[in-house]
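Asker: Generate coordinates for the sequence data below:
(2 chains)
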2 protein chains.
Amino acid sequence: MTEKKLPTIAILGGTGKEGPGLALRWAKAGYLIIIGSRQTEKALATAAELNAQLNIDSIQGMENNLAARMADICVLTVVFTAHQSALESLKEDLHGKILIDATARVDFRSPLPPAPPSAARMAQELLGEQVRVVAAFQNVPSHVLRTNLDQPLDTDVLVCADDSQAAETAIQLAEAAGMRAYYVGNLDIAVVVEGLTSLLISLNKNYKVKTASISVMGIPK
Amino acid sequence: MTEKKLPTIAILGGTGKEGPGLALRWAKAGYLIIIGSRQTEKALATAAELNAQLNIDSIQGMENNLAARMADICVLTVVFTAHQSALESLKEDLHGKILIDATARVDFRSPLPPAPPSAARMAQELLGEQVRVVAAFQNVPSHVLRTNLDQPLDTDVLVCADDSQAAETAIQLAEAAGMRAYYVGNLDIAVVVEGLTSLLISLNKNYKVKTASISVMGIPK
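Answerer: Have a look, this model is predicted:
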């Protein structure tokens, strides 16, 4: 029996809130992880911190474009204001790959939830058909990702993609990180999932918690 | 000790899929229920059917406008294509009341989720400030509402309203019907809850079920 080699994952904009938690969980599950950042030093610092936390040395840090080129699967975890510029600068490096867009679409200046098209649809149109875009992980509370790494998370991942095979890759990654995941539909419907971020922020505020999340019920596994 | 009299609830457009299930659960919880319909005969027939199911005779049936006038709280459960015309014809009768808008915003001709403004915001603008609009119950699977009436439902109600006291009324009604309910925010954010209907329809299709629903996690009760 040969063990199947797991793909290398680059987490682009991976020094923020969401990236490190995903990196920790995927590294523990055996994936090779690259932390990408616009600044190499920040990427190296985050990679070193995560390696130390897991007592490993396999997590690498490098500049975003190089990280994207080195990886099989890229995960984008930038803030929404940096979404378009990040995609433009990464377009060539993402050619032929799966991009999992985890960008939370929140405009803190506006109380309104987002209007269609979804950020993920915008990403797909900007990147063209040579990149398979998947929308996922936008709503996972970042601080629960980083704690109790050995325990499954009580939160579900709603996956949207035009390409159902690419969606399946994201579902496997969600499961490897200890979450249940469901394939919702194409990238257009991702606007609802993006809107859930506003909804969860409201719920956190109303109920004075930081842990509100959404779970799917009624689908037997 | 005097027992507090429960308010009378009119379910407008109550002969469809969603109304009867809510009526059954609220009648069992002791509320006086009026089934409203554009056609008196249909309202009477549904009321008779529900009374027979519960072995009671307190559920009344009448024409929508009369039902609205007789009630303390009105719940609108029409299909989205009938939403605006129903509101226009009921505007005078709803004066001074709480309207819980449970209309599912689904356009079966379009695969796109809804854009802002929310249907509930449109209702509030059409009805004016003399009516307190609450958005709730849009996503409760109708066939689970009608079965196992004595058991709590494994589905959550996301409540949106500009008036938090009106929201609290809807939360009490959700709990009386065996559901957990959460106050999300104002009527603008209801567009996300309305979009969940499209998302649940997709999930039901992908996973070949009819029972997909959304639950809120991470908020201790």
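
Asker: contacting residues for A:Lys5?
Answerer: Not one residue lies near A:Lys5 by Cβ atoms under 8 Å, 6 or more residues apart in numbering or on different chains. Just so you know, the C-beta spots here come from the backbone N, C-alpha and C atoms, and that holds for glycine as well.

Asker: For it, give me the pLDDT.
Answerer: Listed pLDDT for A:Lys5 reads 82.

Asker: Within the helices and strands, which one has it?
Answerer: Assessed by DSSP states H and E, A:Lys5 sits outside every helix and strand.

Asker: Kindly provide the distance from it to chain B.
Answerer: From A:Lys5 across to chain B, the span is 30 Å (Cβ to the nearest Cβ, to the nearest Å).

Asker: again with A:Ser202
Answerer: Relative to chain B, A:Ser202 is positioned 4 Å away (Cβ to the nearest Cβ).

Asker: can you count the residues close to that residue?
Answerer: Using other Cβ atoms under 10 Å in any protein chain shown, A:Ser202 has 22 other residues around it.

Asker: same thing with A:Ser89?
Answerer: Using other Cβ under 10 Å, A:Ser89 has 15 other residues around it.

Asker: part of a helix, is it?
Answerer: Yes: judged by DSSP: H, G, I helix; E, B strand; the rest coil, A:Ser89 forms part of a helix.

Asker: That one and chain B: what is the separation?
Answerer: Counting by Cβ to the nearest Cβ, the gap from A:Ser89 to chain B is 29 Å.

Asker: my guess is that residue contacts A:Asn64, does it?
Answerer: Yes: A:Ser89 lies in contact with A:Asn64 (Cβ atoms under 8 Å); the separation is 7.3 Å.

Asker: quick check, stretch A:143-162 touching chain B?
Answerer: Yes: Stretch A:143-162 comes into contact with chain B (Cβ under 8 Å from any Cβ of the partner chain), by way of A:Asp154, A:Thr155, A:Leu158.

Asker: and the end-to-end length of that stretch?
Answerer: Stretch A:143-162 stretches 30 Å from its first residue to its last (Cα to Cα, to the nearest Å).

Asker: do the same with stretch A:147-154
Answerer: Stretch A:147-154 has an end-to-end distance of 12 Å (Cα to Cα).

Asker: Flag every buried residue along that stretch.
Answerer: For stretch A:147-154, the neighbour count (16 or more other Cβ atoms under 10 Å in any protein chain shown) marks A:Leu149, A:Leu153 as buried.

Asker: State the mean pLDDT of it.
Answerer: Stretch A:147-154 comes out with an average pLDDT of 88.

Asker: before we move on, what about stretch A:79-92?
Answerer: Rounded mean pLDDT across stretch A:79-92 is 96.

Asker: list the buried ones in it?
Answerer: Result for stretch A:79-92 [16+ other Cβ under 10 Å]: buried residues A:Val79, A:Phe80, A:His83, A:Ala86, A:Leu87, A:Leu90.

Asker: I'd say the second one and A:Thr103 touch.
Answerer: Yes: A:Phe80 lies in contact with A:Thr103 (Cβ under 8 Å); the separation is 5.7 Å.

Asker: Would you map the helices across chain A?
Answerer: All helices of chain A, identified by DSSP state H, fall at A:19-28, A:40-54, A:64-70, A:83-90, A:119-127, A:142-145, A:164-176, A:190-207.

Asker: lowest-confidence stretch among the ones you listed?
Answerer: Averaged per stretch, pLDDT over the helices of chain A is lowest on helix A:142-145, reaching a mean of 84.

Asker: for it, the distance to its chain's centre please.
Answerer: Using Cα atoms, centre = their mean, to the nearest Å, the mean C-alpha position of helix A:142-145 is found 12 Å from that of the whole chain.

Asker: Show me which positions of it end up buried.
Answerer: Using 16+ other Cβ under 10 Å as the test for burial, helix A:142-145 gives A:Ser142, A:Val144, A:Leu145.

Asker: quick one, what contacts the nearest residue to the second one once chain neighbours are set aside?
Answerer: Across the structure, with Cβ to Cβ, 6 or more residues apart in numbering or on different chains as the measure, the residue nearest A:Val144 apart from its sequence neighbours is A:Leu153 (6.0 Å). Taking Cβ under 8 Å, 6+ apart as the contact definition, A:Leu153 lies against A:Val140, A:Val144, A:Leu145, A:Ala177, A:Gly178, A:Met179.

Asker: give me the beta-bridge partners of A:Ala135?
Answerer: A:Asp101, A:Cys160 (DSSP bridges).

Asker: Tell me how far the residue most central in space within chain A lies from chain B.
Answerer: Per Cα atoms, centre = their mean, the C-alpha nearest to the average position across chain A is that of A:Ala102, at 3.6 Å. Distance, A:Ala102 to chain B, using Cβ to the nearest Cβ: 18 Å.

Asker: Show me which residues of chain A sit near chain B.
Answerer: Proximity of chain A to chain B, by Cβ under 8 Å from any Cβ, involves residues A:111-113, A:115-116, A:141, A:154-155, A:158, A:182-186, A:188-189, A:191-193, A:195-196, A:198-199, A:202-203, A:206-207, A:209, A:211-220.

Asker: Mark which of those are buried, thanks.
Answerer: Buried residues within these, counting neighbours by 16+ other Cβ under 10 Å: A:112-113, A:116, A:141, A:155, A:158, A:182-186, A:188-189, A:191-193, A:195-196, A:198-199, A:202-203, A:206-207, A:211-214, A:216, A:218-219.

Asker: returning to that earlier point: pick the one among the contacts of A:Leu153 closest to chain B.
Answerer: For the contacts of A:Leu153, the closest approach to chain B (Cβ to the nearest Cβ) belongs to A:Val144, at 8.0 Å.

Asker: which residues does the closest one contact?
Answerer: Shown in contact with A:Val144 (Cβ under 8 Å, 6+ apart): A:Gly21, A:Leu153, A:Thr155, A:Thr211, A:Ser213.

Asker: Then A:Met122?
Answerer: Contacts for A:Met122 were tallied using Cβ under 8 Å, 6+ apart; they are A:His83, A:Gln84.

Asker: what does A:Lys42 give?
Answerer: Counting by Cβ under 8 Å, 6+ apart, A:Lys42 touches A:Thr15, A:Gly61.

Asker: Tell me how far it lies from A:Pro141.
Answerer: Distance, A:Lys42 to A:Pro141, using Cβ to Cβ, to the nearest Å: 23 Å.

Asker: before we move on, the earlier item: of all the contacts of A:Val144, which comes closest to chain B?
Answerer: A:Thr211 (3.4 Å).

Asker: mind listing what that closest one touches?
Answerer: Contact partners of A:Thr211, counting by Cβ under 8 Å, 6+ apart, are A:Pro141, A:Val144, A:Asn204, B:Met217, B:Gly218, B:Ile219.

Asker: roughly how far apart are it and A:Ser142?
Answerer: 11 Å.

Asker: And for A:Ser58?
Answerer: According to Cβ to Cβ, A:Ser58 stands 22 Å off from A:Ser142.
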